[in-house]
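Novice: The following block contains a protein sequence and its predicted model.
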Amino acid sequence: FNGVPATGVTVNGAGTSLTGTTPAGTVGNATVLVTTSGGTSTVPGGYNYTGSGLQPTVSFLSPNAGPASGGTPFTIGGTNLSGASVTFNGVPATGIVVDGLGTSLTGITPAGPVGNMPVVVTTPNGSTTAPSGYTYA
């Protein structure tokens, strides 16, 4: 599953089917390869991981503006933020720290072009966009 082995794999006596447990993965489609002594085959359609928990939400971003050079400390409030990464116009923020409850995170803005840019919070259970984005000046 995207290069991570399944566990507990067993093959039926006829060698025509197998069972096992999927490894953890990120939300979305995973390539599944079955490898035997005879070679490797790709499972058509792969495997679709869905969020095992609740989707993240963002209720605020503070501050919501700063210099185009980046380096501005920010806070995002919301729910289900555990394991989050944050991008500003597709560029990763640095120093992300999520509180123990998954309701607040802090980080440092990357540099960006002048104007209003989308801010996306991504967790293992999905992504959400911060309301109003972030305005670089």
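Specialist: Structure's in. What do you need?

Novice: residues contacting residue 4?
Specialist: The contact partners of residue 4, taken as C-beta atoms under 8 Å, 6 or more residues apart in numbering, are 23, 24, 25. To be clear about C-beta, it is placed using only N, CA and C from the backbone, and glycine gets the same treatment.

Novice: what stretches of this protein score poorly on pLDDT?
Specialist: For the chain, the stretches flagged by pLDDT under 70 are 27, 50-53.

Novice: okay, now the domains of it?
Specialist: Domain assignment for the chain by automatic domain parsing gives 7-49, 57-136.

Novice: returning to that earlier point: out of the contacts of residue 4, flag the one nearest to residue 100.
Specialist: Each of those was scored against residue 100 by C-beta to C-beta, and residue 24 proved nearest at 20.8 Å.

Novice: can you pull the contacts of that closest one?
Specialist: Counting by C-beta under 8 Å, 6+ apart, residue 24 makes contact with residue 4.

Novice: For residue 46, see how far away it is.
Specialist: Going from residue 24 to residue 46 by C-beta to C-beta, to the nearest Å gives 16 Å.

Novice: Let me know whether residue 28 touches residue 49 as I believe.
Specialist: Yes - shown here, residue 28 and residue 49 form a contact pair, counting by C-beta atoms under 8 Å, at 6.1 Å.

Novice: So these two - more neighbours on which side?
Specialist: More crowded of residue 28 and residue 49, by other C-beta atoms under 10 Å: residue 49, with 18 against 12.

Novice: Going by neighbour count, list what's buried in whichever helix or strand residue 95 is part of.
Specialist: Taking DSSP states H and E as the definition, residue 95 sits inside strand 94-98. Within strand 94-98, the residues scored as buried using 16 or more other C-beta atoms under 10 Å are 96, 98.

Novice: so how far is stretch 11-28 from its chain's centroid?
Specialist: In terms of C-alpha atoms, centre = their mean, to the nearest Å, the centre of stretch 11-28 is found 24 Å from the chain centre.

Novice: Please look at residue 132 and residue 64 and confirm they touch.
Specialist: Yes - counting by C-beta under 8 Å, residue 132 does reach residue 64; the two are 5.8 Å apart.
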